[in-house]
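**Q** this is a predicted model, with the sequence first.
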Amino acid sequence: MHTEVLGRSADETNADGTTAGETSTAPVTAVPDARGAFAGTFGHHRARDGSRGAPVGIDLDRPHAALVVGKRGYGKSYTLGVLIEEAARTPGVAPVVIDPMGVFRGLLGDATGDPVPARVIDDPTIRADAVPPARWPALVGADPDGSAGALVWHAAGAAATLDGMRDIVADSDAGDEVRRAAANRLRRAASWRIFDPAGLDASALADGAATVLDCSRLDDAPSNAVAAGVAAALYDARVGRASAEEGGSPAVDRLPWLFVDEAHVFFEGVASVPLRTILTRGRAPGVSLVAATQRPSALPEVAVSQSDLRIVHRLTAGSDVRALAAADPSYVDADLVDSMPTAPGEALVVDDTAEATRTVAVRRRDTPHGGSSPRASAAARAIETDE
Ligand SMILES: Nc1ncnc2c1ncn2[C@@H]1O[C@H](COP(=O)(O)OP(=O)(O)OP(=O)(O)O)[C@@H](O)[C@H]1O
């Protein structure tokens, strides 16, 4: 059976010499093909009459910016899980997962087929200086133009640790009220228990296994801080490597793939800046982003327009469909509403690299889908985002 690999341009050849626009007879596997390129198994083509067509793979060889969207219950997290499984099986790729609902713990379960190397970090920590000083006021809910916000900003620029920042605030000659306000903000940040001088760095994150950062115990602000720190660390490590190739030692050899579920939460918070950096500038140094959301209309326009792979599960809200349609280039000829998938696990894939759209039945998970035991905090967040 012929396999088409999504995310490859028409002039890139498949293992058997056919092009992406045509189809390849090469098996889709995380083992490099004859030309040394990696692809993951993604699913099957789905014809208009619902019949199952040829296998579909997804390119994991080059960096991508991908978006997975769909209303609740139509397979968004499931598809993200499939992509994480494939990335985890791919040598040379380092998948890192921001998991705000705790639904990717199943990756630790027994896998059908090839093993899926994965670990879950329950209480992720980052270094305080992983968050840029200018973002600290917003992170702790202070106005960056106000006196307390300015003091927090100054402290973040002058100290590498949260304790150091608190000392600077305590010793500052700002007035009592300003000092107290800034100290209160930083005390709140300390209560999140996510800042640690020994927090996750890029080399710890990029050892090849899928690293799931379970943020389901964290509120949006600390979850954002974790995502911001991780996104910045991965990007900086690869940029460092790019310049280190002229002499220095490489920081991270593998290509990081950052998977972000409930991405609207992060594009609305302090993680927005480093995520936008990866979207707009990540591909050159080799950093990929896969963002999933049920509300594409809540994402900044750049998140849609910069994605070269858009995996669309069922969407019904007009604003969400419009947010996607706005980025659709001319080769998306069919009306998005007419071609909207109807069944869970079915997706319309808009592939900018191959300049094609495909309807795909996403394959079944090889590891269990879903979290461990249900958590009220995750349920509350789900209800909130649904409203
Ligand atoms: N590719 C698939 N193959 C088989 N079943 C699937 C597939 N995708 C989704 N499903 C089924 O649909 C259900 C809902 O999928 P999923 O949990 O991913 O929805 P979701 O839209 O991400 O919801 P949430 O926003 O709550 O995470 C899954 O539990 C699974 O039973």
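**A** On my side now, so go ahead. Numbering: from 1, shown residues only.

**Q** how about stretch 253-272: buried residues?
**A** Within stretch 253-272, the residues scored as buried using 16 or more other Cβ atoms under 10 Å are 254-267, 269-272. The way it works is simple: take the backbone N, C-alpha and C, and place the C-beta from them, glycine included.

**Q** quick check, I58 in a strand?
**A** Yes: the assignment for I58 is a strand, going by DSSP: H, G, I helix; E, B strand; the rest coil.

**Q** beta partners for it?
**A** Using DSSP bridges, the bridge partners assigned to I58 are L6, G40.

**Q** ok, now how distant is it from the ligand?
**A** With distances taken as Cβ to the nearest ligand atom, to the nearest Å, I58 is found 13 Å from the ligand.

**Q** from the buried residues of stretch 253-272, which land in strands?
**A** Residues of those located in strands (DSSP state E): L255, P256, W257, L258, F259, V260.

**Q** got the residues of the protein near the ligand?
**A** Those residues of the chain that sit near the ligand, judged by Cβ under 6 Å from any ligand atom, are 70, 72-78, 294, 344-345, 362, 364, 369.

**Q** most neighbours among these, which one?
**A** Most neighbours among these, by other Cβ atoms under 10 Å: G70, with 29 neighbours.

**Q** tell me the contacts of the most centrally placed residue in the chain?
**A** Nearest to the mean C-alpha position of the chain, by Cα atoms, centre = their mean, lies F259 at 2.6 Å. Applying Cβ atoms under 8 Å, 6 or more residues apart in numbering, we find F259 in contact with L80, L83, I84, A87, P95, V96, V97, I98, V290, A292.

**Q** ok, what's across the strand from it?
**A** Here F259, judged by DSSP bridges, has bridge partners V97, V290.

**Q** the strands in the stretch 251-387 of the chain, which residues?
**A** For the stretch 251-387 of the chain, the strands defined by DSSP state E, counting those that start in this stretch occupy 255-260, 288-293, 309-312, 346-351, 356-362.

**Q** and these as TSV, adding distance to H44 and mean pLDDT?
**A** TSV is the format used below for the strands of the stretch 251-387 of the chain (distance: least, Cβ to Cβ, whole Å; pLDDT from 0 to 100):
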stretch	distance to H44	mean pLDDT
strand 255-260	23	97
strand 288-293	21	97
strand 309-312	14	95
strand 346-351	10	92
strand 356-362	5	92
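
**Q** which secondary element of this structure has the worst mean pLDDT?
**A** The helix or strand of the chain with the poorest confidence is helix 376-386; it has a mean of 68 (mean pLDDT, DSSP states H and E).

**Q** in the stretch 101-250 of the chain, which ranges drop under the pLDDT threshold?
**A** 241-250 (pLDDT under 70).

**Q** what about the residue in it positioned nearest to the ligand, how many neighbours?
**A** Closest to the ligand within the stretch 101-250 of the chain is V103: 6.1 Å, counting by Cβ to the nearest ligand atom. Look at V103: counted by other Cβ under 10 Å, it has 24 neighbours.

**Q** over to T161?
**A** Neighbourhood size, T161 [other Cβ under 10 Å]: 15.

**Q** what sits against it?
**A** The neighbours of T161, taking Cβ under 8 Å, 6+ apart as the test, are R127, A128, D129, F195, P197.

**Q** mark out where each domain of the chain begins and ends.
**A** Using automatic domain parsing, the domain ranges for the chain come out as 63-124+200-386, 129-191.

**Q** among those, which comes closest to F38?
**A** domain 63-124+200-386 (5.0 Å; Cβ to Cβ).

**Q** adding neighbour count, write the contacts of F259 out as TSV.
**A** Formatted as TSV, the contacts of F259 follow (neighbours: other Cβ atoms under 10 Å):
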residue	neighbour count
L80	23
L83	23
I84	26
A87	26
P95	32
V96	25
V97	28
I98	27
V290	25
A292	22
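
**Q** mind naming the longest helix for the chain?
**A** Longest helix of the chain, by residue count under DSSP state H: helix 220-244.

**Q** got the buried residues for that helix?
**A** 220-241.

**Q** tell me how far A150 lies from R188.
**A** Distance, A150 to R188, by Cβ to Cβ, to the nearest Å: 17 Å.

**Q** excluding sequence neighbours, find me the nearest residue to whatever residue of the stretch 251-387 of the chain ends up closest to the ligand.
**A** In the stretch 251-387 of the chain, the residue that lies nearest the ligand is G345 (2.8 Å; Cβ to the nearest ligand atom). Leaving aside its sequence neighbours, G345 sits nearest to G75 (Cβ to Cβ, 6 or more residues apart in numbering; 4.6 Å).

**Q** who are the contact partners of R281?
**A** Y235 are the contacts of R281 under Cβ under 8 Å, 6+ apart.

**Q** please read the previous query as pertaining to A327.
**A** Neighbour list for A327: E301, V304, S305, S307, R310 [criterion: Cβ under 8 Å, 6+ apart].

**Q** give me the buried subset of those.
**A** Those of the contacts of A327 that meet the buried threshold are V304, S307, R310, by 16+ other Cβ under 10 Å.

**Q** and the closest residue to the last one other than its chain neighbours, what are its bridge partners?
**A** On the basis of Cβ to Cβ, 6+ apart, the spatially nearest residue to R310 that is not a chain neighbour turns out to be V350, at 4.2 Å. V350 forms beta bridges with R310, T357, as assigned by DSSP bridges.
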